[in-house]
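> one predicted model, sequence on top.
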Amino acid sequence: MTTNKVTKAVFPVAGLGTRFLPATKSIPKEIMTLVDRPLIQYAIDEARAAGIKEFIFVTSRGKSALEDYFDNAPELEAALKKPGKEHLLDVLESTNMESGAIAYVRQHKALGLGHAVWCARRLIGDEPFAVMLPDDVIAAEKPCLQQMVEAYEQTGGNMVAAMEVPPEKASAYGVLSVAEDMGSIVKVNGMVEKPKENPPSNLAVIGRYILTPQVLNNLNRKKEGAGGEIQLTDAIAEEIDDSGKVYGFRFRGQRYDCGSKAGFLQATVAFGLARPELREEFSGYLHDMMALEKAAQ
């Protein structure tokens, strides 16, 4: 089937990051560093690998450091050029964005993820778009959004990344009701945001989406959902009845919830051990720490 290419991505980054206070008193959570790259860099790199060309950040007051991160740094570049530190110049180059590639819109009130996406409606226009939550960092041989774009080319419609979670944890997620299980792709006949009891499955939605412009029209109604917020899940669920084309995608990879302290620490260990230049020293340290803990018991 023929589908329009997905070239725009929305990054909702307006949150206050209160779970990481006091660090987030002065810096946006999205530029907190995982090994040696901020969370937002992982999301941007994943989007680039999927063919995204236009990046839309939904921000809020106090996020200027996030905007500065993707700008050129002439003084730093000059300081690195003088001693010939070319490898560090290459690292810097990967963080720069072309003029006009990133656009910023403000979410003035914290009214939910659906509202954040709705704030970007004029920049999205009448074409499919991705939504990426930087809190969800995914380690995968092929980047998660790239996997989804390839699957979307087969299905069209709306697609959400999904993973299986223990039933007792389903209440923390949007959960899919599955009409047809086709392996990596499932056809969805219902979505419930944070079910308090009897979740329809253990297949949970995580922070990667490919959506049609019709979802923005659904968000226009600003209907409140779970927690009194405007839920993106609810706007997507409306498309089940309207078009019947909502799919879940079981991605291949490991997701880390870097919106929580425990998840951030788990990701730090996993990504640190994945780095060849760090692995030997870091794994030795972790081994020694575990040995000390066992000896103390």
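Cool, the structure landed. Model, not experiment: these values are computed from the prediction.
> okay, how far is it across stretch 126-134, tip to tip?
Start to finish, the residues bounding stretch 126-134 are 24 Å apart (Cα to Cα, to the nearest Å).
> what is the mean pLDDT for that stretch?
With pLDDT averaged residue by residue, stretch 126-134 scores 95.
> now stretch 49-68
Per-residue pLDDT values across stretch 49-68 average out to 89.
> start and end of that stretch, how far apart?
Stretch 49-68 has an end-to-end distance of 22 Å (Cα to Cα).
> return the set of buried residues in it.
Buried positions in stretch 49-68, judged by neighbour count with 16 or more other Cβ atoms under 10 Å: Ala50, Ile52, Glu54, Phe55, Ile56, Phe57, Val58, Thr59, Ser60, Lys63, Leu66. Bear in mind the C-beta positions are built from the backbone N, C-alpha and C, glycine included.
> same check, this time on stretch 266-273
Under the neighbour-count rule (16+ other Cβ under 10 Å), stretch 266-273 has Ala267, Thr268, Phe271, Gly272 buried.
> what's the answer for stretch 212-227, then?
Taking 16+ other Cβ under 10 Å as the criterion, stretch 212-227 shows Thr212, Gln214, Val215, Leu216, Asn218, Leu219, Gly225 as buried.
> name the nearest of those residues relative to Pro167.
Set against Pro167, the nearest of those by Cβ to Cβ is Gly225 (21.8 Å).
> contacting residues around the helix ranked longest in the chain?
Across the chain, the helix with the greatest residue count (assigned by DSSP state H) is helix 276-296. The list of residues contacting helix 276-296 from outside it, by Cβ atoms under 8 Å, 6 or more residues apart in numbering, reads Val35, Val269, Gly272, Leu273.
> surely the third one touches Thr33?
No - checked against Cβ atoms under 8 Å, the pair Gly272 and Thr33 is beyond contact range at 11.6 Å.
> and stretch 167-177, how far from the chain's centre?
Its chain's C-alpha centre lies 18 Å from the corresponding centre of stretch 167-177 when counted by Cα atoms, centre = their mean, to the nearest Å.
> quick one: residues contacting the residue nearest to Ala14 when sequence neighbours are not counted.
On the basis of Cβ to Cβ, 6 or more residues apart in numbering, the spatially nearest residue to Ala14 that is not a chain neighbour turns out to be Ser60, at 3.8 Å. By Cβ under 8 Å, 6+ apart, Ser60 lies in contact with Ala14, Gly15, Leu16, Arg106, Gln107, His108, Ala110.
> what subset of those residues is buried?
With neighbours counted using 16+ other Cβ under 10 Å, the contacts of Ser60 contain these buried positions: Ala14, Gly15, Gln107.
> so which of these sits lowest on pLDDT?
Least confident by pLDDT among the buried ones among the contacts of Ser60: that is Gly15, with 85.
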